[in-house]
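S.K.: from the sequence below, what's the structure:
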Amino acid sequence: MKKIYLDNGATSFPKPKCVGEAILNYIDNLGTSVNRGAYETAYSVANTVFETRELICDLFNFDQPENVIFTKNITESLNILIKGLLKSGDHVVVSSMEHNAVMRPLNSLNINISKAKCDKYGDLDMENFKLQLKENTKAVIMTHASNVSGTILNLEEVGRICQEKNIIFIIDTAQTAGFLEIDYKKLGADAIAFTGHKSLLGPQGIGGFIINDKLVKIIPSLIDGGTGSLSEEEIQPNYMPDKYEAGTPNVLGIFGLNASIKYLNDIGLKNIRQKEYDLLTMFLDEIKQINGIAIIGKDTFEGRTGTVSLDFFNDDNGEIAYKLGNDYGIMTRSGMHCAPSAHKTLGTFPQGTVRFSFSHFNTKDEIYYTIDSIKKIMEN
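M.R.: Here you go, the predicted model:
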């Protein structure tokens, strides 16, 4: 049986060969921690970690490598930002397409949350967004693109409004970092959270955020401990990046991310995006011809990522996903995708959808095979 991976919205696979090679080289030939040793190998590792911060800066058009913070994933990044920034009684605005990585930390706090409406395609209603803003709105926190429908939100306009009103703006780029050119300055963000294991093509266990000096002064560290710096003191250093990076970092993950970003730079985000759009267009054009399936969100490649959700409205979506995997070797994801608000917006709550998320490593033959497999399932 063929094995076709179409779950890149959860974790990208396969990874570029250079990612595994970089991790193996660290394990076999380096192996030291960072900021903990005064010897050549430790300095070499530290140089790679710093170079990775610089690569992140280039990726986001950000110019403060010391303000690039590494975490274990974007969920940890968002928790640091949300729980460090907001306090009881604060008001925050989100979109109705948010992932639980945003909604659960927010709902764990005693704050006021307003959801700006998105339409049935997942596009943000800008007029409704403006209506949600209040005099005491402290922050706007939004996903850059939906992990359910793939819809890309118009965050440049959101950022412009936030700057005009002096509102803090935080962006979740879980679905766009490594797929879109993301310009920190054009977006007008105060902080951008990212994860390494999706479109950045790095390993699991590495993520992070970039943050401006204004928020650094406001947001405390979430975890305190050893940093290799100011070891004579029993309080957390207040300078960057040590303020937010207590404990031994995931150096293996950073080495893998270093290699994956270099790979992306060599191939070019534009070329990767075009390949995914070509595959997506093939898929959508064929799906439109099959009865009993609804394309959730936009039915073209414009204004979206390479992720598409389908609702098999005469069948159980979970059963369809199971058959695709068990009978045809096609790996997808069904259900709520940790984003119940998005599914309510898109009209797919509580049944969820079957999500197909493509990679530039996929082929046209795999798309044709997937379409043929869906037809066979629908015929039975």
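
S.K.: residue 373 is in what secondary structure piece?
M.R.: Take DSSP states H and E as the rule and residue 373 turns out to sit in helix 364-379.

S.K.: ok, residue 77 next?
M.R.: helix 74-85.

S.K.: that helix packs against which elements?
M.R.: On a contact count with 3 or more C-beta pairs under 8 Å, 6 or more residues apart in numbering; DSSP states H and E, helix 74-85 meets strand 68-71, helix 100-107, strand 137-143, strand 168-172, strand 191-195, strand 207-211, helix 213-218. In this view, the C-beta of every residue, glycine as well, is placed from N, C-alpha and C.

S.K.: average model confidence for that helix?
M.R.: Helix 74-85 comes out with an average pLDDT of 98.

S.K.: run the chain-centre distance for whichever helix or strand comes after that helix.
M.R.: For helix 74-85, the succeeding helix or strand toward the C-terminus, using DSSP H and E, is strand 91-95. The chain centroid and the centroid of strand 91-95 are separated by 19 Å, computed with C-alpha atoms, centre = their mean, to the nearest Å.

S.K.: helices of the stretch 251-380 of the chain, start to end?
M.R.: For the stretch 251-380 of the chain, helices defined by DSSP state H, counting those that start in this stretch occupy the ranges 251-267, 269-287, 317-328, 340-346, 364-379.

S.K.: ok, residues contacting the last one?
M.R.: Residues from elsewhere that reach helix 364-379 (C-beta atoms under 8 Å, 6 or more residues apart in numbering): 2, 4, 6, 279, 282-283, 286-287, 290-293, 312, 315, 320, 323-324, 327-328, 330, 356.

S.K.: now it: mean pLDDT?
M.R.: Average pLDDT, helix 364-379: 97.

S.K.: next, the angle helix 317-328 makes with that helix.
M.R.: 120 degrees (axes from the mean of the first three to the mean of the last three C-alpha atoms, to 10 degrees).

S.K.: ok, and for helix 364-379, which residues are buried?
M.R.: By 16 or more other C-beta atoms under 10 Å, the buried positions in helix 364-379 come out as 366, 367, 369, 370, 371, 373, 374, 377.

S.K.: who does residue 311 form a beta bridge with?
M.R.: Taking DSSP bridges as the rule, residue 311 bridges to residue 294.

S.K.: quick check: it touching residue 287?
M.R.: No. Using C-beta atoms under 8 Å, residue 311 is not in contact with residue 287; the gap is 11.1 Å.

S.K.: part of a strand, is residue 160?
M.R.: No. Assignment of residue 160 by DSSP: H, G, I helix; E, B strand; the rest coil gives helix, placing it outside any strand.

S.K.: re earlier: other residues contacting the helix holding residue 77?
M.R.: By C-beta under 8 Å, 6+ apart, helix 74-85 touches 69, 71, 101-102, 105-106, 108-109, 138-139, 141, 168, 170, 172-174, 191, 193-195, 207-209, 211, 215, 218-222, 244.

S.K.: from residue 229, how far out is residue 357?
M.R.: Going from residue 357 to residue 229 by C-beta to C-beta, to the nearest Å gives 40 Å.

S.K.: which of the two has more neighbours?
M.R.: residue 357 (27 against 12; other C-beta atoms under 10 Å).

S.K.: give me the beta-bridge partners of the more buried one?
M.R.: According to DSSP bridges, the residues that bridge with residue 357 are residue 7, residue 307.

S.K.: ok, and what's touching the helix or strand hosting residue 22?
M.R.: Assigned by DSSP H and E, residue 22 belongs to helix 17-25. Here helix 17-25 makes contact (C-beta under 8 Å, 6+ apart) with 201, 202, 203, 252, 255, 256, 258, 259, 260, 262, 263.

S.K.: give me the buried entries from those.
M.R.: 201, 202, 203, 252, 255, 256, 258, 259, 260, 262, 263.

S.K.: kindly state the domain boundaries assigned to this protein.
M.R.: 4-14+269-379, 17-266 (automatic domain parsing).

S.K.: quick one: pLDDT of the residue nearest the centre of the chain?
M.R.: The residue lying closest to the centre of the chain (C-alpha atoms, centre = their mean) is residue 174, at 0.5 Å. The model reports residue 174 with a pLDDT of 98.

S.K.: what's it sitting at in phi/psi?
M.R.: When read as degrees, to the nearest 10, the backbone of residue 174 gives phi -50, psi -40.

S.K.: for residue 233, same thing?
M.R.: phi -110, psi 150.

S.K.: need the contact list for it.
M.R.: So residue 233 contacts nothing (C-beta under 8 Å, 6+ apart).

S.K.: and it, how far from residue 244?
M.R.: 17 Å.

S.K.: circling back to that earlier point, so which of residue 311 and residue 287 has more stuff around it?
M.R.: Using other C-beta under 10 Å as the criterion, residue 311 and residue 287 rank with residue 311 on top: 21 against 18.
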